[in-house]
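# build the 3D model from these lines:
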Amino acid sequence: MQNQVKMNNVESRSLLDEFKKFDGQSFFDFGHPLLNRVTESFVKAAGIGAVHAVSRDSYYTAVEGFERKNPPEIGRQRRQTHFPNLGGETYKKSLETMVKRTGKESMQWGLAAGMYSGVTYTLKEVRGVHDWKNAAVAGALTGATLALTHEEPNYDHMVQGAIAGAAVSTVANVLNKIL
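Reported below is the predicted structural model:
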């Protein structure tokens, strides 16, 4: 009887209940807060990146399929796709392309989140304070590193990524303190 009650309790718990059980604890415990924080940030952002990539690729697949059935009007140019193999000759080729793009984007999102989280944590520990300067440095390093994942990385991409990363993370940090 008691085993049956335990089984019902386990079966009735939802995924949300499982997440609430953590109470601010990390999903991972590698023995050091820096490793835990970087890994957790990476995994969470990579999951978000994967969902983003799949939803975007699914949208483009649906739009391209619709356009094939209804050709564009005369005088209207066909939209250039950023995903030439996504509407591949076969379902298999299309699926392979989606999986590759999803993997790449997941890694990019995970890299950005993990690196930003790790750099801000390290700077906070070294400097003893968490302020906009930490956010700016972490954003700049993350932006420059993320620019290296571009198909043809160059100096300009790295500088633009560093400036954008520093600006966005600094503004986010300042607004977080205000609001």
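# okay, CA-based contacts and neighbour counts for the rest of this
Fine.
# where does pLDDT dip in this protein?
By pLDDT under 70, the low-scoring segments of the chain are 1-26, 65-92.
# Ala166 and Glu125, how far apart?
Note on Ala166: its distance to Glu125, by C-alpha to C-alpha, to the nearest Å, is 20 Å.
# of those two, which one has the most company?
Just comparing Ala166 and Glu125: by other C-alpha atoms under 10 Å the higher neighbour count belongs to Ala166, 25 against 12.
# test my guess that that one contacts Lys133.
No: shown here, Ala166 and Lys133 do not form a contact pair, counting by C-alpha atoms under 8 Å, at 9.2 Å.
# walking through the chain, point out its helices one by one.
For the chain, the helices defined by DSSP state H occupy 2-12, 15-20, 33-69, 91-127, 132-147, 155-178.
# tell me the most buried of these?
Of these, the one with the most neighbours on average (mean count of other C-alpha atoms under 10 Å) is helix 132-147, at a mean of 24.
# how about it as CSV, C-alpha atoms only?
Taking C-alpha atoms only, helix 132-147 is exported to CSV below (Å, rounded to 0.1, in the frame of the first residue of the first chain):
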residue,chain,number,x,y,z
TRP,A,132,28.9,48.0,-14.8
LYS,A,133,32.6,47.7,-15.4
ASN,A,134,32.5,43.9,-15.0
ALA,A,135,29.5,43.8,-17.3
ALA,A,136,31.3,45.9,-19.9
VAL,A,137,34.5,43.8,-19.9
ALA,A,138,32.5,40.6,-20.0
GLY,A,139,30.3,41.8,-22.8
ALA,A,140,33.2,43.0,-24.8
LEU,A,141,35.1,39.7,-24.5
THR,A,142,32.0,37.7,-25.2
GLY,A,143,31.1,39.8,-28.2
ALA,A,144,34.6,39.5,-29.7
THR,A,145,34.6,35.7,-29.1
LEU,A,146,31.2,35.3,-30.6
ALA,A,147,32.4,37.2,-33.7
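# helices and strands around that helix, which ones?
Applying 3 or more C-alpha pairs under 8 Å, 6 or more residues apart in numbering; DSSP states H and E, one finds that helix 132-147 contacts helix 91-127, helix 155-178.
# contacts for it, please.
Contact with helix 132-147 is made by 108, 111-112, 115-117, 119-120, 123-124, 153, 157-170, 173-174, as judged by C-alpha atoms under 8 Å, 6 or more residues apart in numbering.
# repeat the analysis, applying 6 Å as the threshold.
Helix 132-147 has contacts (C-alpha atoms under 6 Å, 6 or more residues apart in numbering) with 112, 116, 119-120, 157-158, 161-162, 165-166, 169-170, 173.
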